[in-house]
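*Asks:* Structure for this input, please:
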Amino acid sequence: MSSVTSLLSPELKPCVWTAVSRRRRRWREAPPRTYCWLDDFYRCLRCGQLFWKGTHWNNISSHLTALLPDTALAGDTTAMTILRFANGQPVIWPSIALFTGTALALLLFPNVRRHGLDVVGAGTHDSIMPLINTAAVIGFGGVVTQTVGFQSLAQWAVHSDIPPLLSMYLSISIVSAVTGSASGGLQIFMQTLAPAYLERGLEPETLHRLATMASGGFDSLPHCGAVVAMLTITQLTHKQAYRDIGVITVIIPVVVTLLMLGATALAH
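*Replies:* Presented below is the predicted three-dimensional model:
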């Protein structure tokens, strides 16, 4: 971190942090909404300024990490080699967690340990079909979003006279419904449609939070990969189980998101 602090002007004296309790902070020192979602605040013992980890904290952390020298992960040990490789491959950490959980299950549960190969084999078999279903649905959705029809629909939603919040909700809902995935739909929306809504005046924080909520509604329609995978594993049909699934994963999230949209519109 010394390489980062060396970039600062030598005349600047770094702050000395101390935690601030709820009773000792003054409400007008930070935006009112900050107190609604954040509990940890810090005060500089030198200048008395109040600080907190806002929505920009992750971006700042990633930029500072990029400034660190390559020697931060230097070393020829096996552990450092694995860390350097995993740092450049995001899929590695979930894989390590999966293998670690499997190993712990084999160690902690005698029944699993006695039939370890059978359990691991059955788990591997049960995971293949959900992976294929999810990949197929998300891949299909990605292809659909590149078609002329979808582009026309997106342009209509963005440039129509519908209020921006409602238009944003309809757009992300359509993308999530097509892809059958909240994360896939949200990613496509943020890459293709979000800039247009920012130009229409939506605040980035509002757009991010409401789009995240909206993506979790129509992503669970009957063709959703997760729904198909769950029904495959449980050996149930859509007729038997989807009514309950739809109420919990579609109707309730949609109603709550619409209420949040109304509250946001009234607040502005």
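*Asks:* Determine which residue lies closest to the centroid of the protein.
*Replies:* residue 183 (7.0 Å; CA atoms, centre = their mean).
*Asks:* Next up, the contacts around it.
*Replies:* Contact partners of residue 183, counting by CB atoms under 8 Å, 6 or more residues apart in numbering, are residue 215. The way it works is simple: take the backbone N, C-alpha and C, and place the C-beta from them, glycine included.
*Asks:* And what about it, helix, strand or coil?
*Replies:* helix (DSSP: H, G, I helix; E, B strand; the rest coil).
*Asks:* I'd like to know how far residue 164 sits from residue 175.
*Replies:* 16 Å (CB to CB, to the nearest Å).
*Asks:* how much space between residue 173 and residue 162?
*Replies:* 13 Å.
*Asks:* between those two, which one's more packed in?
*Replies:* The residue with more neighbours, out of residue 173 and residue 162, is residue 173; 21 against 15, by other CB atoms under 10 Å.
*Asks:* was I right about the more buried one contacting residue 220?
*Replies:* No. Residue 173 lies out of contact with residue 220 (CB atoms under 8 Å); the separation is 11.6 Å.
*Asks:* returning to what we had before: okay, residue 164 and residue 175: which has more neighbours?
*Replies:* Neighbour tally, residue 164 and residue 175, criterion other CB under 10 Å: the higher count belongs to residue 175, 31 against 18.
*Asks:* what's the pLDDT at that one?
*Replies:* Here, the pLDDT recorded for residue 175 equals 84.
*Asks:* For the top helix by length along the chain, name the packing helices and strands.
*Replies:* If you go by DSSP state H, the chain has its longest helix at helix 116-144. For helix 116-144, the packing partners by 3 or more CB pairs under 8 Å, 6 or more residues apart in numbering; DSSP states H and E come out as helix 92-108, helix 164-179, helix 182-192, helix 225-234.
*Asks:* Measure how far that helix is from the centre of its chain, please.
*Replies:* Chain-centre distance of helix 116-144: 21 Å, with CA atoms, centre = their mean, to the nearest Å.
*Asks:* Show residues contacting whichever helix or strand comes after it.
*Replies:* For helix 116-144, the succeeding helix or strand toward the C-terminus, using DSSP states H and E, is helix 148-159. Defining contact as CB under 8 Å, 6+ apart, one finds that helix 148-159 is touched by 144, 167, 170-171, 174, 178, 192-193, 196-197, 200.
*Asks:* Could you check the angle helix 148-159 makes with helix 116-144?
*Replies:* With axes from the mean of the first three to the mean of the last three CA atoms, to 10 degrees as the basis, helix 148-159 and helix 116-144 are set at 70 degrees to each other.
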